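Colleague: Turn this into a structure:
(one chain, ligands or ions: 1)
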Amino acid sequence: MSLKFKLIGYPIKHSLSPWIQTTFLERSGIKGSYTLHEIANEGIFEEEINKLKAAEVNGFNITVPYKETIIPYLDRLDVTAERVGAVNTVALEGNNWVGYNTDGVGYVQALRDKFPDMDGNKDVPILILGAGGAARGIFHGLVLAGFKNLTLANRTRSKCENIINGADASIITLAEAEKNIAAFDVIIQTSSVGMNEAEQIIDLSNLRQGAIVSDIVYQPLVTQFLKQAEEKGGRIHYGHTMLLYQAQKAFEIWTNKNVNVEGMDEEMIEKIK
Ligand code: ATR
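Modeller: Residues are numbered from 1 along each chain as shown. Below you'll find the model as predicted:
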């Protein structure tokens, strides 16, 4: 039997997901395909989803701009999708379409794999900068992984409150984050600010030596934020791993196989350049 997986979204022509998932299929010796299914506008979404269901796919990824649009078409949401309020992975389980969100959970896994010392103490102080969709996924990924000492900082405070949604976490301003940066062992930059090469969300002059500093922006791969973090003795982590690890989690949901991603991180960097 050959398995069939798809990526839905628009635009997706340049997505690295087909390369990632095809590599996973090869590495795990599973026969199957992973192909693009572009949906150019919301007006034809329902029709296209019905086509997909009729095509007997085993699962699909769903990306911008349909991560929320898909929810009413699913039978059930897993806890990750429910907490984040968005879906990036759908699996056919029996006759049910089940929605998951592996973005944040995947990114947290990438960090834990690279910095195993992070897992030694669930009270490690972690700061999330920014409060958009990516921050929401990462925040709940951290909560689900058992991390207990979480702080959010964003230009607009109400968005932090919205993400936390009753969970136990602190909210500070960006100015406070900058002033007290030495209080954090892990700092995760999730805003779009680093996409403009000259800009940086906060200054890291007071960074603690050895702090883990991650930036989810991966174009450019080395943001101004990460450059300064490295100069200040931080241990830096690039954002492209979110794409790789969300894919690994999706593949595991679909196939029950925990595929080894070794070497793919470096290969991706070459492809992104
Ligand atoms: P995504 O869903 O991809 O994570 P988003 O929802 O567009 O992205 O969120 C972008 C984040 O970048 C937000 O936290 C935004 O801050 P606000 O909530 O205050 O809008 C943050 N951001 C964007 N430009 C910024 C800037 N110039 N300074 C500070 N934060 C900025």
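
Colleague: which residue is nearest the centroid of the protein?
Modeller: residue 103 (2.9 Å; CA atoms, centre = their mean).

Colleague: For the closest residue to the ligand within the stretch 101-250 of the chain, grab the count of nearby residues.
Modeller: Residue of the stretch 101-250 of the chain nearest the ligand, by CB to the nearest ligand atom: residue 132 (2.3 Å). For the C-beta atoms, the positions are set from N, CA and C on the backbone; glycine is no exception. Applying other CB atoms under 10 Å, we find 14 residues neighbouring residue 132.

Colleague: What score does residue 1 have for pLDDT?
Modeller: We have a pLDDT of 83 for residue 1.

Colleague: Nearest residue to it in space, please, no chain neighbours.
Modeller: residue 31 (7.3 Å; CB to CB, 6 or more residues apart in numbering).

Colleague: can you count the residues close to that neighbour?
Modeller: 9.

Colleague: how is the chain carved up into domains?
Modeller: Following automatic domain parsing, the chain resolves into domains at 3-101, 105-240.

Colleague: Distance to residue 251 added to those domains, as TSV?
Modeller: As requested, the domains of the chain are exported to TSV (distance: least, CB to CB, whole Å):
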stretch	distance to residue 251
domain 3-101	5
domain 105-240	11
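
Colleague: Mind listing what's buried along stretch 12-24?
Modeller: In terms of neighbour count (16 or more other CB atoms under 10 Å), stretch 12-24 has its buried residues at 12, 16-18, 20-21, 23-24.

Colleague: which SSE is residue 111 in?
Modeller: Assigned by DSSP states H and E, residue 111 belongs to helix 103-114.

Colleague: Skip ahead from that helix and say which helix or strand is next.
Modeller: Scanning forward in sequence from helix 103-114 by DSSP H and E, the next helix or strand is strand 126-129.
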